[in-house]
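Compute the structure for the input listed below.
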Amino acid sequence: MKFTKPSWVMHKDSAMRADDKRVSIFSCHVHPDGSRIATGGLDAKVRIWSTKPILNHASELSGRPPKSLCTLTMHTGPVLVVRWAHSGRWLASGSDDEIVMIWDLDPTAKGKVWGSDEVNVEGWKPLKRLVGHESDVTDVAWSPGDRYLASVGLDSAVLIWCGYTLERLRKIEQHQGFVKGVCWDPVGEFLATGSDDRSVRIWRTTDWGLEAEVRKPFDHSPGTFFRRLSWSPDGAHITASNATNNEGYVFIAAVIARNQWTAEISLVGHENTVEVAAYNPHIFLRDTSQSVTAHNICSVVALGADDRAVSVWQTKAPRPLVVAKDVFERQIMDLSWSADGLTLYAVSSDGTMAVFSFDSSEMEGIAPLSAQEQYLKRFGFSPPPLPEGYSHLSALEPAKPQPNRITPPPSPRAQSQDFGSAANAAPGGEQVHTLVAKRKPKKRIQPTFAGSIASSIPSSSTNGISATAARSSNIPISVPSTSALPLSVSQPFGTSTSSFGLGLSMGESADFPMDLDGEVRISSLDTGAHNGKGKRKAGDDLDDRLASKPRTLGGDRVRDTVPVRPLAGRAAPPPVGGAGMWAEGSVLAGRLEPPQLVTYLKATVEGSEDVFEGRNAEGDEPNEVLYVSGKQTQWLDYLPSPILALTATPTFCAVAMQDGTLTVYSHTGRRLMPPLSLGSQCCALASSRNMLMLLTISGMLYVWDVKKQAAKFPPTSVSAILGSSPNLTIINASVRPNGAPVIQLSDGVAHSYDSSLCVWTKLSEPWWAEGSDAWQGRQRTNNQFTRGAQPLAALESVISERTALDDGRAEKVRPTWWSAAMTLGHLESKLHATKALESPQEYKQALLLYAKRIADEGFRGKAEELVKELFGPVYWCVDRRDSVGVLGGERLMSKRLVRRPGRDDAYCPTVLGMSKRDLLKEVLNIFVRSKTLAKLGQDWQDTLKKSQNDD
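Take a look at the predicted model:
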């Protein structure tokens, strides 16, 4: 085996001037004739490379043929998949921009790439844009004979397109998660898809119904970038990536048997999730002297995993043929075999490509294609009829190329020779256009489809297909040579593989189908065009400038799924201010603990579907936070320390890290406040509207108004409410929109900090449930008590559930005034608590209940005190000087309480936005209906009327 890693195969970051700034390569696929390979990357481009400089070192040094053949730039998002049609003439690419693009050879599109110094040796134009996906397109696959094209994406849909007319035939929407892999049965009977819903589903091509669903080996599969699966060339098995054994602790590739659809065979050995599986396109004979039978054939499959290793397996052996470790610096994204089955290409998210070249003796027993085709006929499947007037020329059939030239086969063409014939209706509603060639005297032009324009890009919603073909010219380009990169290849999982060696291809390859003089003819139709010498009209160029998305930090990155699992072995960093900063004194030492460190955290923004995500890396990769809207990443940021907790509101996002740092972002990813060093790890993090609260494991509580960038009160310790009992802990910590913290303890008592009194206050406690008639703890609510319309009622419901209160309290012997005292005390406590929580609805409810209980008991002293508190000083009067409008000829005056000059202004005429005197009206209405306080109520009603009339 020979290995090479061409450094010149790369996708560049257009924003960076450095030539060696690589971006991720997501996909690769070798042309059926082996002459070129296509790659798709994060730069939103499809690049086509010549394979001869990769496999032949002399060609690489000479720069002939050119290394880079073409750069395609019509996508507006990262290109996640590229796949050549079996005919070799069309190339399909899927992108983050939700589009599947079909590319066709266009000799007139050669020349300099717009906006760069690159030169296209050969030209490819967008033949058709297949529109239908509602999110990123993650994988595409051509069926045998290119009869169909299947595409899958993050919209959980599987789309089936006609491989000839490129019209959409079917949309399958039965997956419950992102679909990240698709492959066809070589017989043509089935289609297989792999999804993040942890299943592989098999679909019938006859009616596109569900044949089987395989879930067992994927029950504990983690989230990965792709789930690329592959069907064996004998049709007997599917090898699916991202499977696990032993409840997710052993990473495997599952081998699913045809017809039974069970995964009893596992390919074990990779140390991380298998990302992609790719079968060698050939059937191998166990005994070359025997005929091609089911017992005498086997297959070869390659696996690429997140452990940065590539393994090659043969189904007749229990261990892999070879394992190459540390091939890349990051996970492997895609694998592709050459048509001869002797070369394996692999690409990685680190932006590099690796190539493994096998000798024919190492891949012994390759069956001839004719025997393989004959073997597949035993399944007895009859494929659907082709659209009338179309045929595909197999890429493996000779096309009579010129000597020392490579010539890909022509694109699907019409068999009819009647020029000018109209479109024929094909079975299944597919619209077929017949190829028409027009000729003028003394001049040869490009053949075109009737009714089409060569420079247009039809959408999948139309029935027209445009195509151009002309002979290309030879444009030799000299490219600086590069040497192969070193790598280490380990023995395959502890076995000896002495037959595999590591080396570089330094000599000529006599059987390589390319000329060695550096001139490469890449054309598919010998049309006798102008050999590239004529000038092209401006109208002939493609000018389909798609609207680009606004550029954001990380906005072009595909969102992937991350499993939630605890992280072990990530030791906390030393405290900023010394060991004593982590726990304040011996009282709270070990009482408060930080949240468990996990791989994935998220917080949903209230009132929207936006999600603020945190991802802790398990290896050496950086920790990161992302803001996601729908399925699109809006921005991301990298953090120096693991994430302990995060929170989000409609105005900001915040993340607390293991090193005791707190960072606050806006919804665009801008830091609203400087990084806050708290000197201690986070124990609890909460937010509400503009308020952000953090409690450290040292017991210090912080509350900030993010909008004003100011603290609501100086940092205070929770030691006053935790006390010295080692069993007392905090079970919930939150903050109200007014900045009031709510700390609920394990004994059921809920506290808040009063910044005006500079002390902790009790909001509620189980004590009131012992005798208060106003206790509403058993009235459950689904709203979180810190955000609901009745936070105090929800809080008391939580207290009741935790303390397991029951009606046994009624059996106890109580003092005479027990119920009255407990009820009035509870209601008075609720009045203060609702003001602290800023819950006007509950305040008014408690006030009226309090007034009714006073009236029922006849407590005149309490009643008078309450009335005076609501009425206020007599020098507060109604101001009628401000007019607000005219009605019926009379000017309406606003009614608001104002303080007369020279008086004390300690009295506030409102409470929680409600007028105290308006509340007094309702209280007096209760008093006047009672037997003992009727006179008091009537007198104060008269006083209130006089004050409002300004008497």
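
any low-confidence regions in the stretch 351-500 of the chain?
Residues of the stretch 351-500 of the chain that meet the criterion pLDDT under 70 lie in 389-500.

Could you do the stretch 751-900 of the chain as well?
777-788, 804-811, 875-900.

where exactly do the helices run in it?
791-803, 818-837, 840-857, 860-871 (DSSP state H, counting those that start in this stretch).

quick one, which of those helices is nearest to Ala617?
Ranking the helices of the stretch 751-900 of the chain by proximity to Ala617 (C-beta to C-beta) places helix 791-803 first, at 36.1 Å. C-beta here means a position set from N, CA and C on the backbone, and glycine is covered the same way.

export the closest one as CSV, just CAs?
Extracted in CSV, the C-alpha atoms of helix 791-803 (Å, rounded to 0.1, in the frame of the first residue of the first chain):
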residue,chain,number,x,y,z
PRO,A,791,-45.4,33.3,41.7
LEU,A,792,-46.2,33.2,45.4
ALA,A,793,-49.0,30.7,44.9
ALA,A,794,-46.7,28.5,42.9
LEU,A,795,-44.0,28.8,45.5
GLU,A,796,-46.3,27.6,48.2
SER,A,797,-47.4,24.7,46.0
VAL,A,798,-43.7,23.6,45.8
ILE,A,799,-43.4,24.0,49.6
SER,A,800,-46.4,21.7,50.2
GLU,A,801,-45.0,19.1,47.8
ARG,A,802,-41.6,19.0,49.4
THR,A,803,-42.7,19.1,53.0
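
Name the residues of that helix that are buried.
791-800, 802-803 (16 or more other C-beta atoms under 10 Å).

next one: that helix to chain centre, how far?
Computed by C-alpha atoms, centre = their mean, to the nearest Å, the chain-centroid distance of helix 791-803 equals 37 Å.

buried stuff in stretch 43-63?
43-60, 62-63.

actually stretch 215-235, not the one I typed
Neighbour count says stretch 215-235 has 217-218, 221-235 buried, by 16+ other C-beta under 10 Å.

same question, stretch 758-772
If you call a residue buried by 16+ other C-beta under 10 Å, then stretch 758-772 has these buried ones: 760-761, 763-766, 768-769, 771-772.

Now for the residue most central in space within the chain: which residues touch it?
Centroid-nearest residue in the chain: Arg559, 2.3 Å away (criterion: C-alpha atoms, centre = their mean). Arg559 makes contact with 154, 626, 628, 631-633, according to C-beta atoms under 8 Å, 6 or more residues apart in numbering.

I'd like to know which of the residues you listed are part of strands.
With DSSP state E as the criterion, strands contain 626, 628, 632-633 from among the contacts of Arg559.

Show me which pair in those residues is furthest apart.
Every pair of the ones in strands among the contacts of Arg559 checked by C-beta to C-beta; the farthest is Leu626 and Gln632, at 10.5 Å.

any idea where the helices of the chain begin and end?
Here the chain has its helices, by DSSP state H, at 52-55, 57-62, 369-376, 719-722, 791-803, 818-837, 840-857, 860-871, 916-928, 934-948.

from those, which stretch is densest packed?
helix 52-55 (a mean of 24; mean count of other C-beta atoms under 10 Å).

for His11, what are its contacts?
22-25, 39, 41-43, 45, 47, 351 are the contacts of His11 under C-beta under 8 Å, 6+ apart.

Just list the residues touching Ala38, thanks.
Per C-beta under 8 Å, 6+ apart, neighbours of Ala38: 28-29, 31, 46-49, 82, 84, 91, 93.

can you do 10 Å?
Ala38 makes contact with 27-31, 46-49, 69-70, 72, 79, 82-84, 91-93, 103, 124, 336 under the criterion C-beta atoms under 10 Å, 6 or more residues apart in numbering.

How about it, nearest residue that isn't a chain neighbour?
Nearest residue to Ala38, sequence neighbours excluded (C-beta to C-beta, 6 or more residues apart in numbering): Val82, at 4.4 Å.

now His220
Leaving aside its chain neighbours, His220 sits nearest to Gly248 (3.1 Å; criterion: C-beta to C-beta, 6+ apart).

Bridging across strands, which residues link to Asp104?
On the basis of DSSP bridges, Asp104 takes part in beta bridges with Trp90, Lys125.

Ser62 versus Leu55, what's the distance?
14 Å (C-beta to C-beta, to the nearest Å).

And Glu134, by the same measure?
48 Å.

Likewise for Ala740?
Ala740 is 76 Å from Ser62, by C-beta to C-beta.

cool, Ile283 as well?
Separation of Ile283 from Ser62 (C-beta to C-beta) stands at 37 Å.

And Ala243, by the same measure?
45 Å.

Skipping adjacent residues, who's closest to Asp773 in space?
Thr823 (4.6 Å).

and if you look at His75?
Leaving out its chain neighbours, His75 is closest to Ser95 (C-beta to C-beta, 6+ apart), at 4.2 Å.

Now for the one you found: which residues touch it?
The neighbourhood of Ser95, defined by C-beta under 10 Å, 6+ apart, consists of 26, 40, 44-46, 74-82, 101, 133, 136-138, 153, 558.

ok now do Arg689, which residues does it touch?
Applying C-beta under 10 Å, 6+ apart, the residues near Arg689 are 606, 649-652, 705-707, 735-739, 787.

Distance check, it against Lys602.
20 Å.

what about Val813, distance to Gly771?
For Val813 relative to Gly771 (C-beta to C-beta), the value is 12 Å.

Ala821: what's it in contact with?
By C-beta under 10 Å, 6+ apart, Ala821 lies in contact with 771-772, 814-815.
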